[in-house]
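>>> Sequence plus predicted model, see below.
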Amino acid sequence: METYIEIIMIILIICNLWLLAASRIKQCIYLVAFQGAMLGLLPFFQTGHGILPRTFIIVTGITLIKGFVFPILLTKALKDVKVKAEVEPLVSHSVSMIIGIFALIISLWLDERLQLPLTIESELIIPLSYFTIFVGLFLTVTRKKAITQVLGYITLENGIFAFGVSILSEHPWLVEMGILLDVFVAVFIMGIMVFYIEKEFDHIDADKLAHLRDWKIHKNKLFSWDIYHSEAEEESK
Amino acid sequence: MLLSLILIPFISAILSFLITNNSLRRLLLVISPIIHFILVLLIYFTQISSGNIPELQGGWISLDPLGFFFLAITSALFMVTSFYAIGYLKKENKGAKKDFESKYLFYNAPEAIFTGCLFLFLGTMTLVTVSQHFGLLWVAVEATTLATAPLIYFHRHHRSLEATWKYLLICSVGIALALLGNFFLAVASIKATPHLIVSDLLNNAEKLNILWLKTAFIFIFVGYGTKMGLAPFHTWLPDAHSESPSLVSALLSGTLLNCAFLAILRMHQIFVAAGIETFSQELFIIFGLLSMFVAAVFIIGQTDYKRMLAYSSIEHMGIISLGVGLGGIGIFGALLHALNHSFTKSMLFLVAGNILSHIKTKSIIDIKGIAKTLPVSGFLWVAGGLAITGSPPFGMFISKFTILKASITNGNWIITSVFLFLLIAIFTGFTQIIFKMSQGHGKNIEAKEDKLSIIPPVILCIVIFILGIMLPDELEKIIKSAQIILEGQK
């Protein structure tokens, strides 16, 4: 069974690095979906206690939601909003890749430092889940569009899921289903929000969501008291 | 009884999604929180006051005094604000509205969705207070985020959209880290207990792996701290509080932040039991003071009064965190402070809503003389401003004083002096703005203040006034037993 897990882990590394380099949003959506579906299969190979009916339910649920529902939802959002198909990163693709490789090294180092007090099927899972979490956080922070931030969030969640599934063989499935439901609803609401952002702003660049701030020192009179003052000036004229 | 307490809000939510008649739904919005509150009182007087702890699901769900304390605050505040909500929904009911900042037209979200999400919010918060399983607790906290996102996006214009997006993304990422923290906790407890139930963990605390426990605490602290609004993870808070409808801001500030703090306190309980509470206490003190500092910087010279209130929430979360960090009588002060802050801040947000609906601006320099033009709201605004900065005779004076006393008895003069300095700075900044808005001659306002928008804040004002003069015996008993839970039975 260990070989299967290791195959999944190699797929995970490739997916993460590819995500950092991918330039098309659609490609990213498929990559995240593929990654999620692969991770969804992990509980099958965690054969500490054989395959129980509940393992089957969880595997089906996760693979369905992460592998099919999320990409369908997000491609639909993407189609509705008619934005440019490029990712538009704040940090260029090549730099992202280099940072990604460093993240991989740091994850391996972190795993050395934080020794697990238990034995698990494959030693690779833990450092690679850290790696996926790093990549998810990095994608959320450095990608401009709202939809790519959602993808970053899903990647982060995939990483956390990989960690959780590898250590918890006896996790109550009610909680697991609750977590899955929460993540599903979160992504669902985010998908709707992406649509609204496009409608309201004519784009989904999250870096342009910058109206709300504390010190508004701007040349163009965009803010309330500027408008007030300019109105007052006009009135006095 | 505990089960019906949890189910009532969820059933009401489903009903309000289904009911098409507006007045019927508003009736539900008043009745259901009252039933919820009565049930909370009933549970207290039949079970908790005599020392019983109601349980469900083999200890997964149970209501200890600590959870009860936060549940009672939540339920009472929700009941009071639901009356305000009726008046608010009547006013905001139909048609396109003009955005007073950018002069565009916008629509509100459908009332059924708003009411339904309010109930979901109450339901998920109830679930947070009764969860004794860390996984369930996580599910409940994340669900509060999801239930409140549509509430913040009630006014469908671009600023509230921006606020909602930031809220949703920052909190979701934060809470995802808390989930990782939960898994770390599972690693730490692998030799102690198979389930992440608080009481099991407390009983087997000496078998926990300390290194992993500390790592877990950091992630859980960052995760739920994001939700609680501790600096430097607070960035969503001013935006969400300033752009959501005032009654939602009141509930967010008064109840949601407390619930997130409860989630951190559950972890602190385990640290106390494992005998390494100095680690968590240090974090509580550092981030508490940092939050107060950030709040002080942004309150002084603030131009938007709803943002000012939001930063004040960050300040008070910092004070509460500091109180818990100091330990001993500081915990008592912190819990009392949480209660006072919830009531005072909710009242201020409701009053801010009244000011906003009459004067139609959030900019502080455009507002003058509300003490004359809006007699009741103006009075409440000044009273609330004095109360929130900790002036006697309001409840907050006592709780701040208790925390100060704890920090003096603790003997660390750096903490005490920084705490006092920041309190004074915030007092200066806050009162200056409050008086600037209430004094002077403002434009006359024709419309009178609506009864439903006045009575709820007046009730809250009376409550904080009473809390300033006396501490009811029952309340003291609850806080004392919650304090014992947080200090551990030694």
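Great, that's in hand.
>>> Every contact and neighbour count from this point should use C-alpha atoms.
OK.
>>> near chain A, which residues of chain B?
Contact residues (C-alpha under 8 Å from any C-alpha of the partner chain) of chain B with chain A: B:101, B:135-136, B:138-139, B:142-143, B:146, B:157-159, B:161-163, B:165, B:168-169, B:172-173, B:176, B:179-180, B:183, B:186-188, B:190, B:194-195, B:212, B:239, B:298, B:302-303, B:363, B:365-366.
>>> 7 Å instead?
Contacts of chain B with chain A, taken as C-alpha under 7 Å from any C-alpha of the partner chain, map to B:101, B:135-136, B:139, B:142-143, B:146, B:158-159, B:161-162, B:173, B:176, B:180, B:183, B:239, B:363.
>>> partners of the lowest-mean-pLDDT helix or strand in chain B in the sheet?
Across the helices and strands of chain B, the lowest-confidence element by mean pLDDT, DSSP states H and E is strand B:97-98, at a mean of 74. Here strand B:97-98 is paired, per DSSP bridges, with strand B:105-108 (antiparallel).
>>> what's the offset of the partner strand from the middle of its chain?
28 Å (C-alpha atoms, centre = their mean, to the nearest Å).
>>> tell me which strands and helices the helix or strand just after it is in contact with?
With elements assigned by DSSP states H and E, the helix or strand that comes after strand B:105-108 is helix B:111-130. The contact analysis (3 or more C-alpha pairs under 7 Å, 6 or more residues apart in numbering or on different chains; DSSP states H and E) places helix B:111-130 against helix B:2-18, helix B:65-91, helix B:134-152, helix B:257-274.
>>> how about the residues of chain A that lie near chain B?
When proximity is defined as C-alpha under 7 Å from any C-alpha, chain A approaches chain B at A:153, A:157, A:160, A:164, A:175, A:178-179, A:182, A:186, A:197, A:200, A:209, A:211-212, A:224-225.
>>> can you name the two of those that are farthest apart?
A:164 and A:225 (50.3 Å; C-alpha to C-alpha).
>>> higher neighbour count, these two?
Comparing residue A:164 with residue A:225 by other C-alpha atoms under 10 Å in any protein chain shown, the one with more neighbours is residue A:164, at 22 against 19.
>>> Test my guess that that one contacts residue B:181.
No - applying C-alpha atoms under 7 Å as the test, residue A:164 and residue B:181 come out as separate, 10.2 Å apart.
>>> Overlap in contacts, those two.
Both residue A:164 and residue B:181 lack any common contact, where contact means C-alpha atoms under 7 Å, 6 or more residues apart in numbering or on different chains.
>>> doesn't residue B:353 make contact with residue B:250?
No - applying C-alpha under 7 Å as the test, residue B:250 and residue B:353 come out as separate, 9.5 Å apart.
>>> Just give the closest residue to residue A:39, not the sequence neighbours.
Among residues not flanking residue A:39 along the chain, residue A:162 sits closest, at 6.5 Å (C-alpha to C-alpha, 6 or more residues apart in numbering or on different chains).
>>> Quickly find the element holding that neighbour.
Going by DSSP H and E, residue A:162 is in helix A:146-167.
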